[in-house]
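Chemist: A predicted structure for the sequence below; I have some questions about it.
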Amino acid sequence: MNHSKTQSNHKRIDPTPCRRGLICYLLLAFLGGCEDDSASGNRESEAGSMKLLDRGILEDAEIPLEQEQQDMGDAFARDLDEPQTLPDMSTDRDDDGVEDLEDNCPEVFNPDQSDIDADDEGDACAPDDDQDGIPNEWDPAPEDSSWPGRALPDTVYAQTASGLYALDVKSLILQQVADFSFDTEGRHQVTDIAIDRAGVLWAITFNTLWLCHPQTGECRNQARLPFTNFNGLTFVSGSLFGEMKDVLIGIDSAGSWRRLDFLRDILVDELLGVYLNERSSGDAFSIEGVGTFASVKRTGVLNDIIVKVDPTRPSQVTDVLELDGYSSIYGLAGWRGVLFAFDESGAVLAINTETQEVTQLNAQAERWWGAAVSSVIRSNPSSR
C-alpha cells in the first residue's frame, strides 16, 4: 500500500544511517516523535505528527516492517542450520587415556586407575616411597621396591605344594610362574594362598604364615600360625567388619573361620564361626562386590559342594552347586560371573555362576592344593 507524503512542520530525520534494523526504526520513531513536544502543546497534534513521521520513515527507508521481521527470522533459521563447533574442553595431562575430569590422579600416568582404599585418590598419587605401585600404608616393605611384588591384574593364581601358577581370566591360559623358595630351612609345603586388594600375596604352610613374591615365588617367614590345621586362606573386604583394610581369614579342616591379625609381631586369631553341617574341603575366596565362596564337604555327599558364605557369620551358607565327580576341590577362586575350581586330580574347572555350566579347562598332572584372587577386581584398562 502506497502512502502519500504529507507536509508537516516537524523536522524530518534522515533514516539513511539506519538502513536496516527494527531497533533502529523504533529508535528513530521515538526520537522523531519527541523532538517538538514542547512546541505542539497538545496530544492530538503529537499523535498526528507521530503518524506522519512513521509514514515518512517507512517511505524513505523503503523497509516494510513485515519484510524486516521476515529477514530476521530467515537469518535466525540459517544460524540454527549451520553446524555449531564447540571448543574442546577435554584434557588428559598425564596422557594415560583417562580424561582429567574422570582421572583419580590427573597429573600422574595411571591408566589402571587403581584406588586401593577407595578414597577417590588414585594409588599413583598416594605416598609410595619405594615407587612399587603399592601405597605405603598397604606395603609390608615400603622402602624396598623389589619386595613384596604385586599380583598381575586379570589373573587368578593357583598353587601346588611346591609351585605357583597363573591363570589369565581372559585368555584362560594357565602357566607356571615359579617354584616356591623359603628363607628358613625345612621341608615346607604350601597349603593355600591369598591376595589382598593391593596385590600382595600371602601363603600358609602347615604351621607358618609367609609373604611370597607373585613373580619369583620367593617366600619370607612372617609368623607361626596359632593353629596347624588350616587348609584355606582368604582375604575379605574390611568393609564387612566396618574397617578400611582387608581382613585375613584362615579356615581349618573342621570348618572354623578364624580371623588372623598381628598383635605386635605375634599372629593371633579370633573365631568368627563354624559351618553347621559342613567341613572345609580346602579353600575359599572373596571378592568385594562379587561375594565369598568356599568348597565344602557334607556328610552323606560324595562330591564337593560350592557354597556362598557370609564371612561375618560362616554358619550361614547357601548352596551354589554340587560338582559331580569331584571330591577334592582344594583350590577355589573366581571373577565376574565365573568360578575357577582346582581339583587335586589336576582338573581345572570354569563354572558359570548364572547357568551353573561346568567347563573343564584342562587336566594336568599337577596336584592342586590352593588358589587365590585379589579381594577386588583388578583389571587392565584395555580389557574392561
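Modeler: All right, it came through fine. Treat the numbers as computed from the prediction; the structure is a model and nothing was measured.

Chemist: Show me the shaky parts of the stretch 101-250 of the chain.
Modeler: Counting by pLDDT under 70, the stretch 101-250 of the chain has low-confidence residues at 116-117.

Chemist: For it, which segments count as strands?
Modeler: 155-159, 163-168, 174-179, 181-182, 192-195, 201-204, 208-212, 218-224, 230-236, 247-252 (DSSP state E, counting those that start in this stretch).

Chemist: Could you pull up the contacting residues of residue 139?
Modeler: 128, 130, 132, 148, 198, 200 (Cβ atoms under 8 Å, 6 or more residues apart in numbering). The way it works is simple: take the backbone N, C-alpha and C, and place the C-beta from them, glycine included.

Chemist: What is the nearest of those residues to residue 158?
Modeler: residue 200 (17.3 Å; Cβ to Cβ).

Chemist: From residue 162, how far out is the nearest residue to that closest one once chain neighbours are set aside?
Modeler: Closest residue to residue 200 apart from its sequence neighbours, by Cβ to Cβ, 6 or more residues apart in numbering: residue 148 at 5.4 Å. Distance from residue 148 to residue 162, counting by Cβ to Cβ, to the nearest Å: 20 Å.

Chemist: So if I had to pick from the two, which one is more boxed in?
Modeler: Taking other Cβ atoms under 10 Å, residue 148 and residue 162 do not tie; residue 148 has more neighbours (22 against 15).

Chemist: thought that one was touching residue 141?
Modeler: Yes. Shown here, residue 148 and residue 141 form a contact pair, counting by Cβ atoms under 8 Å, at 6.1 Å.

Chemist: Could you pull out the helices in the protein for me?
Modeler: Along the chain, the segments classed as helices by DSSP state H run 22-34, 37-40, 43-61, 65-81.

Chemist: quick revisit: next, format the strands of the stretch 101-250 of the chain as a markdown table and append mean neighbour count.
Modeler: What follows is the strands of the stretch 101-250 of the chain, written out as a markdown table (neighbours: other Cβ atoms under 10 Å):
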| stretch | mean neighbour count |
| --- | --- |
| strand 155-159 | 26 |
| strand 163-168 | 20 |
| strand 174-179 | 14 |
| strand 181-182 | 16 |
| strand 192-195 | 28 |
| strand 201-204 | 24 |
| strand 208-212 | 22 |
| strand 218-224 | 17 |
| strand 230-236 | 27 |
| strand 247-252 | 24 |
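
Chemist: who wins for proximity to residue 328 among those strands?
Modeler: So among these, strand 230-236 is nearest, using Cβ to Cβ, at 11.1 Å.

Chemist: can you list contacts of the closest one?
Modeler: Contacts to strand 230-236, defined as Cβ under 8 Å, 6+ apart, come from residues 191-197, 202-204, 246-253, 258, 280, 282-286, 292, 294, 311, 330, 370, 372, 375.

Chemist: at 6 Å what do you get?
Modeler: Defining contact as Cβ atoms under 6 Å, 6 or more residues apart in numbering, one finds that strand 230-236 is touched by 191-192, 194, 196, 204, 246-253, 280, 282-286, 311, 375.
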